[in-house]
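*Asks:* Provide a 3D model corresponding to the input given below.
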Amino acid sequence: MKHILFNQAAFGALSYALKRENVEIITFPDYFGEGPIHRLLTEKGFLDRMKWLQEAYRFDKKMSEQYVVLFHDALACVQQIKEGEQVIVWTCENAAEQFGLRLVSHLLSGKKCSISVCNTYFPMLYFHEDEHTQYDIRHSGDVSPSQMKRMLKLNLLDPLTEDELVLLQAEALQLMEGHSIVRTWFRGRIIEDDESRDDQEIIRYASDMQSEYGIDNFYNAARLIGHVLGWSEHDINDTWIDYRLRMLIKKGVFAYNGHLREMLSYQIRLNTSQDK
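*Replies:* So this is what the prediction gives:
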């Protein structure tokens, strides 16, 4: 039995849940929702992705090396899966994990494997259906080891049909021919979105916070980043918001004090018409 995931927190939870089981757990690195994936499986395509991560997400040498190793190790493990083996792919209602599902489907094309999908979003709704509030998770990293174990025990899996596999494989190829920097999961599809997708939301929350602090006062960028992260409808990470905030600073939307090297080292305020 092979398990494949695309979220590091989910990998840790599943590893703990199945620590006494004789299974192989394969994990790809995070961030499939952001950054270029154009011809990802070619040397140039992967190098272009790494260059973007180093520039936009400020990956240092150690982080870059870890990402390269994790990606290529996962790739090799998937390619070594033999015909007839059982595979469970863990995903959720977000672009990153859904692209991962499509990527793995493409990598396993031509092999007669038994592939099932555990979309953790729906079992988590089922587990909390008696509660008064809806329990929406953004990614599989929100699921605990005991909940993952319960999903497997209750067999909350969807076996992929041949037609579904063919469709996922075609979508993988289409996405890897695209040039988008950010992708959105919308009504069961991965949409190649504009890089500025979240900018207006960042500005809107910044405007609310500026009213709290005063029009001329600076405040910690991390506070805005955390606010956007908590309220966004998308599965985004703080590094993406920090990147977009720095792009908005470059465009003159925000003024800043401090150093832009990391999100805890600078303060921001919205520029006024006089500043511009």
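*Asks:* E164 and D136: what is the separation?
*Replies:* Applying CB to CB, to the nearest Å, the value for E164 to D136 is 24 Å. For glycine as for every other residue, the C-beta is placed from the backbone atoms N, C-alpha and C.
*Asks:* Work out for me the element E201 sits within.
*Replies:* Under the criterion of DSSP states H and E, E201 resides in helix 199-213.
*Asks:* Give the next helix or strand downstream of that helix.
*Replies:* Using DSSP H and E, the helix or strand that follows helix 199-213 in sequence is strand 219-220.
*Asks:* Can you tell me which helices and strands that next one packs against?
*Replies:* strand 266-270 (3 or more CB pairs under 8 Å, 6 or more residues apart in numbering; DSSP states H and E).
*Asks:* Please enumerate the strands of this structure.
*Replies:* Secondary structure of the chain (DSSP state E): strands at 2-5, 24-27, 86-91, 114-119, 158-159, 182-186, 189-193, 219-220, 254-258, 266-270.
*Asks:* relative orientation of the fourth one and strand 86-91 in degrees?
*Replies:* Meaning strand 114-119. 20 degrees (axes from the mean of the first three to the mean of the last three CA atoms, to 10 degrees).
*Asks:* Now do the buried residues in strand 114-119.
*Replies:* Residues of strand 114-119 classed as buried: I115, V117, C118, N119 (neighbour count, 16 or more other CB atoms under 10 Å).
*Asks:* will you turn those residues into CSV that also has distance to S180?
*Replies:* Compiled in CSV, these are given as follows (distance: CB to CB, whole Å):
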residue, distance to S180
I115, 26
V117, 24
C118, 27
N119, 23
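*Asks:* picking that back up, which other residues reach the helix holding E201?
*Replies:* Helix 199-213 has contacts (CB atoms under 8 Å, 6 or more residues apart in numbering) with 219, 223-224, 227-228, 231-232, 241, 244-245, 247-248, 253-254, 268-270.
*Asks:* Just the buried ones from those, in PyMOL syntax?
*Replies:* In PyMOL, a selection of the buried entries from the contacts of helix 199-213 looks like this (16+ other CB under 10 Å):
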select buried, resi 219+224+227+228+232+241+244+245+247+248+253+254+268+269
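*Asks:* Next, check the contacts of helix 199-213 against the helices and list the overlap.
*Replies:* Among these, DSSP state H puts R223, L224, H227, V228, W231, I241, R244, L245, M247, L248 in helices.
*Asks:* Which members of those are the farthest-apart pair?
*Replies:* Spanning the widest gap among the ones in helices among the contacts of helix 199-213 are W231 and M247, at 19.9 Å by CB to CB.
*Asks:* List the residues that contact the closest residue to L165 other than its chain neighbours.
*Replies:* In space, L165 comes closest to S105 once its chain neighbours are excluded; the distance is 5.6 Å by CB to CB, 6 or more residues apart in numbering. Residues near S105 by CB under 8 Å, 6+ apart: V89, I115, L160, L165, L168, Q169, A172.
*Asks:* Scan those and report the most crowded one.
*Replies:* V89 (28 neighbours; other CB atoms under 10 Å).
*Asks:* What's opposite that one in the beta bridge?
*Replies:* Note on V89: beta-bridge partners by DSSP bridges are I4, V117.
*Asks:* and it, what does it touch?
*Replies:* By CB under 8 Å, 6+ apart, the neighbours of V89 are I4, L5, G100, L101, V104, S105, I115, S116, V117, C118.
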